[in-house]
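Asks: please work out how this folds:
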Amino acid sequence: KSLQSKPARLDLEGLVEEMGQEIQQLRTEIDQSKGKIDILNQGIKQKNATLQQREYKEIDKEYKAASIQLQTMKYANKDLEKYYSALDKALMRYHTIKMEEINRIIREIWNVTYKGDDIQTIQIKADLENKQANRRSHNYRLVMRTKSNADLDMRGRCSAGQKVLASLVVRMALAETFCHNCGILALDEPTSNLDDRNIEGFTEALSNIVNERRTNGNSFQLVVISHDTEFIENLARLTEVPSFFSVSKDIDSANSRIVEVPVNNL
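Replies: A predicted model of the protein is given here:
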């Protein structure tokens, strides 16, 4: 009797209608899925056909080889970064060591050469301008230390003679540092703009270098271009060489003349 009642019949009809709509929706989704499957199958067929072409025939092997090459390059880049970092540190350490050596030699030569009392010593300072590893650069300055232990730039603060002497001292220090067993040293008018006291000190410092090279048993040749005969003669005496060669111009023939001058005859 309850099933035959009117409300029950209405609920059953609504349920049947709702289920019919769901069935229709599911059929629609099934059709759509079948269409997608067909499209995918067509795509698979096209891809398979493409893979059968000549350029893709060995694609697996080529991909494997490219993958191996990529991984190898990654490892190589890591190694290169390590090597670059180690080399950069080594170069900076080398730079520091050489600057210390250069300044040590400069101090030694300056103390022997310079006879004034206003400058204790001079040194080269290297200010780091660019700190980037691949673009590192330095600004080199020649600095003098005064009696009050103040470090001042020599540019614009020293006389012409002090400039010439500092230039000679720095060049001799660079030659001593970087020219291993340097066999020759050439100086062009080294005593120009120097007073007598500084010429005397420079002669002593230069003779010390010559005597040290000779003591070490290394062959060494000193070439001096100068019109200061007194400087040449004093240098010859201090170095205790038996003779030296003098190059001059023959007035009569206007030709160059090389004469061996015995030191004992000076």
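Asks: switch to C-alpha atoms for all contacts and neighbour counts from now on
Replies: Noted.
Asks: after whichever strand in the chain runs longest comes which helix or strand?
Replies: Using DSSP state E, we find that the single longest strand of the chain is strand 119-130. Remark: after strand 119-130, the chain's next helix or strand is strand 137-146, criterion DSSP states H and E.
Asks: pull the CA atoms of that following strand into CSV?
Replies: This file holds the C-alpha atoms of strand 137-146, laid out as CSV (Å, rounded to 0.1, in the frame of the first residue of the first chain):
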residue,chain,number,x,y,z
SER,A,137,94.2,45.2,-10.7
HIS,A,138,96.6,47.1,-8.5
ASN,A,139,97.6,50.7,-8.3
TYR,A,140,101.3,50.9,-7.6
ARG,A,141,102.7,53.9,-5.7
LEU,A,142,106.2,54.9,-4.7
VAL,A,143,106.1,56.0,-1.1
MET,A,144,108.8,57.6,1.1
ARG,A,145,109.1,57.3,4.8
THR,A,146,110.1,60.5,6.5
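Asks: any idea of the mean pLDDT for the helix or strand just after it?
Replies: Using DSSP H and E, the helix or strand that follows strand 137-146 towards the C-terminus is strand 151-153. Strand 151-153 shows a mean pLDDT of 90.
Asks: mind naming the longest helix for the chain?
Replies: Criterion DSSP state H: the longest helix present in the chain is helix 59-113.
Asks: report the distance from it to the chain centre.
Replies: Relative to its chain's centre, helix 59-113 lies at 9 Å (C-alpha atoms, centre = their mean, to the nearest Å).
Asks: follow-up on the earlier one: list the buried ones in the longest strand of the chain?
Replies: 119, 120, 121, 122, 123, 124, 125 (16 or more other C-alpha atoms under 10 Å).
Asks: what helices or strands is the longest helix of the chain leaning on?
Replies: strand 119-130, helix 160-178, helix 196-215 (3 or more C-alpha pairs under 8 Å, 6 or more residues apart in numbering; DSSP states H and E).
Asks: mind listing what's buried along the longest one?
Replies: Yep, that's helix 196-215 we're talking about. So helix 196-215, judged by 16+ other C-alpha under 10 Å, has buried residues 198-208, 210, 213.
Asks: reformat the residues you listed as CSV; add distance to residue 153.
Replies: Output for the buried residues of helix 196-215, formatted as CSV (distance: C-alpha to C-alpha, whole Å):
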residue, distance to residue 153
198, 21
199, 23
200, 25
201, 23
202, 22
203, 26
204, 26
205, 24
206, 25
207, 29
208, 28
210, 31
213, 32
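Asks: since that was my last question, I'll sign off now.
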